[in-house]
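[1] Dropping a prediction and its sequence here:
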Amino acid sequence: MTLTDYATACLLILGGIFFLAGTVGLLRFPDVYTRLHALTKADNVGLGFIMAGLVLQAESWLAAGKLLLIWLLVLFASASVSYLIARRALNKGIRIWM
Amino acid sequence: MIQALYFALALFLLLNLCAGLWRILRGPTTADRMLAAQLFGTTVVAMLLLLAQASGNPVLRDVALVFALLAAVTAVAFVQRAWPEEKESEHDLN
């Protein structure tokens, strides 16, 4: 196992931990807004770590670039989507957990 | 060794996904159920990328890209179109 394999392994495990945090947040938090927050933040960071781990292993710069693009797309998409859902939920009167 | 880690992590993400199903079951509002779909989107993208690296064929990365795009489109379609008018009793209004 070379150095990059070790780096990839710890980055992937970190990503997995953040995914776990996102899912636990989705299950445990009291209302839509906090679940939304936990979900998008944790998953994007988790995906970012997994992406970083995989970029080290990518065989060509093209593959590494594609991985980065996928992560950016997911980042922007889930940020705007979570804003959309939260605003619509607020308009529909879903109460904020106090 | 690193191959085993890829598959182990993909399996872990799958279990993560199944844990997310509970929110669909119990979610008081339809928005919560939509969050589980959002979780599906991100988790499946991560799993696909891991499997692309583990199995060695780069096609799966394009599948992950399309999946990420569709997850976003699905959520937008839900918010704009398919969000039903919720009955008062369904979510905890004071």
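    Alright, I've got the coordinates. Numbers count the residues shown, from 1 in each chain, chains lettered A, B, ... in the order given.

[2] what's the helix or strand for A:Val55?
    In this assignment (DSSP states H and E), A:Val55 forms part of helix A:32-57.

[3] could you pull out the helices for chain B?
    B:2-26, B:30-55, B:59-77 (DSSP state H).

[4] With mean neighbour count added, can I get those in CSV?
    Where C-beta positions appear, they are placed from N, C-alpha and C, glycine not excepted. Compiled in CSV, the helices of chain B are given as follows (neighbours: other CB atoms under 10 Å in any protein chain shown):
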stretch, mean neighbour count
helix B:2-26, 15
helix B:30-55, 22
helix B:59-77, 17
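
[5] just so I know, which of these lies nearest A:Ala64?
    Smallest distance to A:Ala64 across those (CB to CB): 10.5 Å, for helix B:59-77.

[6] what's the angle from that closest one to helix A:32-57?
    Helix B:59-77 and helix A:32-57 meet at an angle of 160 degrees, taking axes from the mean of the first three to the mean of the last three CA atoms, to 10 degrees as the criterion.

[7] Pull out the CA atoms of helix B:59-77 and give them to me as PDB.
    Only the C-alpha atoms of helix B:59-77 are listed here, as PDB (Å, rounded to 0.1, in the frame of the first residue of the first chain):
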ATOM      1  CA  VAL B  59     -18.400   4.800 -17.600                       C
ATOM      2  CA  LEU B  60     -19.900   4.700 -14.100                       C
ATOM      3  CA  ARG B  61     -18.700   8.300 -13.500                       C
ATOM      4  CA  ASP B  62     -20.900   9.500 -16.300                       C
ATOM      5  CA  VAL B  63     -23.800   7.600 -14.700                       C
ATOM      6  CA  ALA B  64     -23.100   9.400 -11.500                       C
ATOM      7  CA  LEU B  65     -23.000  12.800 -13.300                       C
ATOM      8  CA  VAL B  66     -26.400  12.100 -14.900                       C
ATOM      9  CA  PHE B  67     -27.800  10.900 -11.500                       C
ATOM     10  CA  ALA B  68     -26.700  14.000  -9.800                       C
ATOM     11  CA  LEU B  69     -28.400  16.100 -12.400                       C
ATOM     12  CA  LEU B  70     -31.600  14.100 -12.200                       C
ATOM     13  CA  ALA B  71     -31.700  14.300  -8.400                       C
ATOM     14  CA  ALA B  72     -31.600  18.100  -8.700                       C
ATOM     15  CA  VAL B  73     -34.300  18.100 -11.400                       C
ATOM     16  CA  THR B  74     -36.500  15.800  -9.300                       C
ATOM     17  CA  ALA B  75     -36.400  18.000  -6.300                       C
ATOM     18  CA  VAL B  76     -37.100  21.100  -8.300                       C
ATOM     19  CA  ALA B  77     -40.100  19.400 -10.000                       C
END
